[in-house]
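**Student:** This is a predicted model, with the sequence first.
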Amino acid sequence: GLGGWCSAGAGSSWGGCAPCQAVTPVKVYLEMEGVPLPKEARGQDVREDALGRTFVTVDHPRLYRLVKLSVSGQHSLTLTPAAPGVLLHEFAFHSDCLSAAGCAAASST
């Protein structure tokens, strides 16, 4: 799988994935710290299968909402495609703290 360490503020992680060709959608499994994503950390596009594994279904080129964190920290995120044919074009971190006023409000809570 594709994995690495990231240090990010509270907010969201997005992955820009695409199937190589117009083929059957491919599941990409996600793990944080070596285990499926906890429910509170799942982005909008993450699902859970019958075995408790977390995944996104890559079916067309777009940004997929992968991780949603409420607390800053360093984490290991691993993406493992269930089949060949998925390209990762972009990986972005987005903080929900977009302005100085928003950051001040977030840090005072």
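**Tutor:** Sure, I can see it. Residues are numbered from 1 along each chain as shown.

**Student:** Check which residues of stretch 61-77 are buried.
**Tutor:** Residues of stretch 61-77 classed as buried: 64, 65, 66, 67, 68, 69, 77 (neighbour count, 16 or more other C-beta atoms under 10 Å). For the C-beta atoms, the positions are set from N, CA and C on the backbone; glycine is no exception.

**Student:** Just give the closest residue to the third one, not the sequence neighbours.
**Tutor:** In space, not counting the residues next to it along the chain, residue 66 is nearest to residue 43; the distance is 4.5 Å by C-beta to C-beta, 6 or more residues apart in numbering.

**Student:** burial count for that neighbour?
**Tutor:** The local packing of residue 43 (other C-beta atoms under 10 Å) involves 19 other residues.

**Student:** shouldn't it be in contact with residue 68?
**Tutor:** Yes: in this structure residue 43 lies within contact range of residue 68 using C-beta atoms under 8 Å: 5.1 Å.

**Student:** wait, doesn't residue 32 sit right on residue 67?
**Tutor:** Yes: judged on C-beta under 8 Å, residue 32 makes contact with residue 67 at a distance of 7.0 Å.

**Student:** need the buried residues of stretch 61-77 in a markdown table with pLDDT and secondary structure, can you?
**Tutor:** Output for these, formatted as a markdown table (pLDDT from 0 to 100; DSSP: H, G, I helix; E, B strand; the rest coil):
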| residue | pLDDT | secondary structure |
| --- | --- | --- |
| 64 | 86 | strand |
| 65 | 88 | strand |
| 66 | 89 | strand |
| 67 | 89 | strand |
| 68 | 87 | strand |
| 69 | 84 | strand |
| 77 | 88 | strand |
